[in-house]
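Sequence below, structure please.
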Amino acid sequence: MHATKIAVIATVLVVLTAAQTVTANSAFPWMDTQADPESRAKLLLAQMTLDEKIMMVHGSAGPYVGNVPGNARLQIPALNLNDGPQGFRDDAHPGTSTCWPSGLTVAATWNTSAADAWGTAMGKEFYGKGANIQLGPGMCLARVPVNGRNFEYASGEDPYLGYTLIQPIIKGIQSQGVMANAKHYVNNNQETNRGAVSENVDERTRFEMYYPPFEGAIEAGVGSFMCSYNKINDVYSCENNDTLATDLKARMGNGQRFFVMSDWGATHSTSIQQGLDQEMPGSNFMGDSLKQMILNGKIANTTLDNTMLNILTPMFAVGIFDSNNTNSISNNVTSDAHNMLARQISAESHVLLKNDNNVLPLTSTVKTIAVIGAQASTKVTVHGGGSGSVQPPYVITPLQGIYNRLSINSAPVASACNAENVCVLYDDGSNTTTSAKVASMADVALVFVATSSSEGSDRANLQFGGGQDDLVTVVAANQRNTVVVGTTPGAVLLPWSEDVSAILINFMPGQELGNAVADVLFGDVNPSGRLPLTFPNVENEVGFTTRQYPGLNNAAQAYYDEGLFVGYRWYTQHGVTPKYPFGHGLSYTTFEFSGLTASQASVQFTVKNTGSVSGAVVPQLYLEFPASANEPPMQLKGFTKVELSAGDQTQVTLNLKDRDFSIWDVSTHSWLKQSGTYTAHVGMSVLDIKLTATISI
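Numbers count the residues shown, from 1 in each chain. A predicted model of the protein is given here:
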């Protein structure tokens, strides 16, 4: 009898709960999670007043970088938007989020799995701080080597690399209930006069070179875009009908719902009809001004309704309505797991440019290690500046990372040894005479050099600066086993490259720099990073005129006269050999490629690890178009990262699509597949080709 009563009570409770759910869904039918996102958005839109709609198309005051108030009447969550593209920037609560490796650094992994893990972890931290829109990732192409924001962008200098890596990043972020924001759309390729410069670029070049990473974002289901400060062809990006309404939403979006917000202060008019959906951070144009234009009939209410669907639909799709995120911006969202992931990604992104006589990895025969340079301990750069910066909870310096690896329990000192009598000598590099003496006393010298950049200005040049190049030269003259480790926000000059034994580049490596670089130096991690952009021999090797960069009339008009010939495309077109080419990166093992077969559908080949240790390789597929297509000689169209134990081999398949054989046809405004004979080049970089085959179409 007692069990029966319990069963009856339980049944009544289930019925009551179900009734309450039905009642709630009857009052707020858009909260039905079984309905599709756009249907839910339309149900909600039907209940919104004009003022409630207007409130969602501009920013307001609040604790986050961008804020849109919630609507309790309709159960619409607040939108909490925050920087940045490589971690949660919280200057009010410094050290409460992970300082991750930058976007360009992740691009150097050439690994979609690493990109996914990075995006997922960032999304989790944003959610933990109560944000539901991450203002990232960045994906502009590195057209200008000195661009101050190249470190933020996960595309490097190649549209296919960006197209491929951006997708797992966005999916990772949005898997955590946080909307990603694809930025900066579009041609935000210089910081010099960024608020007024007109980036003058033709339609074909836009579609073939600068749009593909943003297309990848659309394919990944991104919820939002950010239009940039600059003009495109004399029209501001955030009011540019050609690039926003036509190219992004109609031609690339093809009906998919996402919204476009302005960069902060980049709205210049009430440009909702041109494709802008939300003004940030205030309401100069998309507040009362928009309301009055709708009331007096200058802008149709249906236009505003379409914008609302653009905003609401991805909010439902990502889960913002359903997650009830009540976390606080003051929360500390760091964790041991994220610290370890930051270390792993940073280590994987290290690019080994040179390794003469296998000086790396450091082995047990090395008894005395000279560590030289301020970057090693006293003045350490791990991230860039501006909205892409994150104040780290800590920084593992290279010297500390080496101490950790060797089990040296000491604060940074001039000389310290471990129990096995392996000793580390440290010199900050401020006096080259002292540095030379320290270097000569060691079995190997590790010279750490760095340069940085920031939003708001471009780099003055591609040098490390501050006498660091002279320091390397002096050390190399006194130590034949000199290894240089460079931290840089993009391409950099290496005038001493022939004088040193090994070169490692780690771009903007994040808070775990020291542990990560030690992992690579001592062989605990076999380097597998590849250059996502070309390293030149000299400044402005591509020969930009002032007309091209920074632009005529005091950087008011920048002309993309180079067209499709950006980065390695320029080098291969002109037959110029750079210092280190796009895609280059060495390993502590060796690999052999064989057995290439190629068709319109795919290329297949075998990769074998012919060395003595496990390692990862990145086979790269470059297509050479028929001459009639008027395309650059070599174009990346496929890659993958393959891990192999010593002696193992595997077959690799890289799939191809019609798009890979197509050019943008400006007469039909569409992709047009080209007929003729293509050459498929498979190799280790754009200049290190191992296999070739032809494909006839």
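
tally of neighbours for T112?
17 (other C-beta atoms under 10 Å). Placement of C-beta: from N, CA and C, glycine included.

Let me fix that, I meant to ask about V686.
26.

Could you measure from it over to Q573?
For V686, the distance to Q573 equals 12 Å [C-beta to C-beta, to the nearest Å].

What of T610?
Distance from T610 to Q573, by C-beta to C-beta: 33 Å.

Also P94?
Distance of P94 to Q573, given as C-beta to C-beta: 46 Å.

which one of those two has more residues nearby?
Shown here are P94 and Q573; by other C-beta under 10 Å, Q573 has more neighbours (15 against 12).

so what's that one closest to, chain neighbours aside?
Distances taken as C-beta to C-beta, 6 or more residues apart in numbering place F565 nearest to Q573, at 5.1 Å, with adjacent residues excluded.

Over to V618?
W110 (4.6 Å).

Listing request: residues of the stretch 101-250 of the chain with sub-threshold pLDDT.
Scanning the stretch 101-250 of the chain for pLDDT under 70 picks out nothing.

where along it do the helices fall?
103-107, 112-128, 159-174, 203-205, 212-219 (DSSP state H, counting those that start in this stretch).

Give the helix, strand or coil label for the residue nearest to Q573.
Following DSSP: H, G, I helix; E, B strand; the rest coil, F565 is assigned to coil.

just checking, G615 touches E643?
Yes. Using C-beta atoms under 8 Å, G615 is in contact with E643, at 7.3 Å.

Can you pick out the residue with more neighbours from the two?
G615 (22 against 14).

so who does that one touch?
Going by C-beta atoms under 8 Å, 6 or more residues apart in numbering, G615 touches 526, 528, 587-589, 591, 609, 643-644.

Could you check the pLDDT of it?
Per-residue pLDDT puts G615 at 98.

now it, which residues is it bridged with?
The bridge-partner assignment for G615, based on DSSP bridges, gives L644.

Can you pull the poorly scored residue ranges out of the stretch 301-450 of the chain?
Within the stretch 301-450 of the chain, no stretch has pLDDT under 70.

All the helices of the stretch 451-600 of the chain, in order from the start?
468-478, 513-521, 552-555, 568-574.

Dump the ones you listed to JSON lines, plus mean pLDDT and distance to F316.
Putting the helices of the stretch 451-600 of the chain into JSON lines (pLDDT from 0 to 100; distance: least, C-beta to C-beta, whole Å) gives the following:
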{"stretch": "helix 468-478", "mean pLDDT": "98", "distance to F316": "51"}
{"stretch": "helix 513-521", "mean pLDDT": "98", "distance to F316": "39"}
{"stretch": "helix 552-555", "mean pLDDT": "98", "distance to F316": "42"}
{"stretch": "helix 568-574", "mean pLDDT": "98", "distance to F316": "41"}
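
residues contacting the residue nearest to P578 when sequence neighbours are not counted?
Take P578 and drop its neighbours on the chain: the residue closest to it by C-beta to C-beta, 6+ apart is T534, 4.9 Å away. If you count contacts by C-beta under 8 Å, 6+ apart, T534 has them with 157, 491, 567-568, 571, 578, 580-582.

Please report the distance of C99 from P509.
For C99 relative to P509 (C-beta to C-beta), the value is 10 Å.

anything in contact with each of those two?
V382.

Who has more neighbours out of the two?
P509 (34 against 27).

ok, that one - contacts?
Applying C-beta under 8 Å, 6+ apart, the residues contacting P509 are 101, 105, 346, 349, 382, 487, 516-517.

Kindly reformat those as CSV and extend each row with neighbour count.
Formatted as CSV, the contacts of P509 follow (neighbours: other C-beta atoms under 10 Å):
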residue, neighbour count
P101, 36
T105, 30
S346, 33
S349, 32
V382, 27
T487, 26
A516, 27
V517, 28
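
any chance of these in JSON lines, plus distance to K437?
Conversion of these to JSON lines gives the following (distance: C-beta to C-beta, whole Å):
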{"residue": "P101", "distance to K437": "35"}
{"residue": "T105", "distance to K437": "34"}
{"residue": "S346", "distance to K437": "32"}
{"residue": "S349", "distance to K437": "33"}
{"residue": "V382", "distance to K437": "29"}
{"residue": "T487", "distance to K437": "25"}
{"residue": "A516", "distance to K437": "29"}
{"residue": "V517", "distance to K437": "24"}
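
and of those residues, the nearest to E215?
Using C-beta to C-beta, T105 is the member of these that sits closest to E215, with 23.0 Å.

So that closest one is in contact with E512, correct?
No. Here T105 lies out of contact with E512, judged by C-beta under 8 Å, at a distance of 11.5 Å.

Spit out the residues that contact those two alike.
Common neighbours of T105 and E512, using C-beta under 8 Å, 6+ apart, are S346.

so where do the strands sit in the stretch 351-500 of the chain?
Taking DSSP state E, counting those that start in this stretch, the strands of the stretch 351-500 of the chain run over residues 351-355, 368-372, 415-417, 423-427, 444-450, 482-487.

Just want the angle from the first one to strand 482-487.
If I follow you right, that is strand 351-355. 160 degrees (axes from the mean of the first three to the mean of the last three C-alpha atoms, to 10 degrees).

Distance check, the nearest residue to Q651 once chain neighbours are set aside against L621.
The shortest distance from Q651 to any non-neighbouring residue, by C-beta to C-beta, 6+ apart, is to T606 (5.4 Å). Using C-beta to C-beta, T606 is found at 14 Å from L621.

more neighbours, these two?
Neighbour count, other C-beta under 10 Å: between T606 and L621, L621 has more, with 26 against 14.

Can you give the strand pairings for the one helix or strand that one maps to, parallel or anti for each?
Element membership for L621 (DSSP states H and E) is strand 620-624. Paired strands of strand 620-624, with direction, are strand 635-639 (antiparallel), strand 677-683 (antiparallel) (DSSP bridges).

residues contacting the closest residue to N537 other than its chain neighbours?
Leaving aside its chain neighbours, N537 sits nearest to K579 (4.9 Å; criterion: C-beta to C-beta, 6+ apart). Listed by C-beta under 8 Å, 6+ apart, the contact partners of K579 are 493-494, 497, 535-537.
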